[in-house]
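[1] sequence-free structure coming up:
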């Protein structure tokens, strides 16, 4: 294979990778100056890194990374108006029901709750695959509680409610 042909193939691969990754995104932003200040506190900053990890895992369908960020005793009041525990939440993820092409959070509150971290705000997700409402933006209000378990932060409680458009 010539250098020119290798170069063209490398450019094609790079464009494909950019195309595939450009549409998938996970991010959070501070909705106010109080959250921006709180994000500088070491424990809260560590939890926000875990938030990036769990949201990115949902975008990449990385089931192992998602599961690693769930507490053993996780309880979720989910957008389907049911309560699920860790096992059910993990199964919903591996079956493709919790899977997004975009996950953007606006954090309106970040603070300590004893030794745990509480996050509250607004999120916009675009489900993909077999997820309900696949391909459509869904706006939700959320409350997440994170605790230290086994030396890293894990999600212990979550509430998410769909906001009507």
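    Alright, I've got the coordinates. The structure presented is a predicted model; accordingly, all values stated were derived computationally and were not measured.

[2] all strands of this protein, in order?
    Remark: strands assigned in the chain by DSSP state E are 25-30, 70-77, 83-85, 100-113, 116-127, 138-149, 152-162.

[3] tell me how far the fifth one is from the chain's mean position?
    Centre-to-centre, strand 116-127 and its host chain are 8 Å apart (C-alpha atoms, centre = their mean, to the nearest Å).

[4] start at 47, not 1
    With the count now opening at 47, the last piece we talked about shows up as strand 162-173.

[5] could you list the buried residues of that strand?
    Residues 162, 163, 164, 165, 166, 167, 169, 171, 172, 173 are the ones in strand 162-173 that count as buried (16 or more other C-beta atoms under 10 Å). (Each C-beta comes from the backbone N, C-alpha and C, glycine too.)

[6] hmm, who's touching that strand?
    Residues external to strand 162-173 that are found in contact with it (C-beta atoms under 8 Å, 6 or more residues apart in numbering): 77, 89-90, 93, 97, 145-158, 179-193, 199, 202, 206, 209.

[7] can you redo the buried residues of strand 162-173 as JSON lines with pLDDT?
    Putting those into JSON lines (pLDDT from 0 to 100) gives the following:
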{"residue": "162", "pLDDT": "98"}
{"residue": "163", "pLDDT": "98"}
{"residue": "164", "pLDDT": "98"}
{"residue": "165", "pLDDT": "98"}
{"residue": "166", "pLDDT": "98"}
{"residue": "167", "pLDDT": "98"}
{"residue": "169", "pLDDT": "97"}
{"residue": "171", "pLDDT": "95"}
{"residue": "172", "pLDDT": "96"}
{"residue": "173", "pLDDT": "94"}
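
[8] and the nearest residue to residue 145 once chain neighbours are set aside, how far from residue 85?
    Spatial nearest neighbour of residue 145, excluding adjacent residues (C-beta to C-beta, 6 or more residues apart in numbering): residue 175 at 4.9 Å. Going from residue 175 to residue 85 by C-beta to C-beta, to the nearest Å gives 32 Å.
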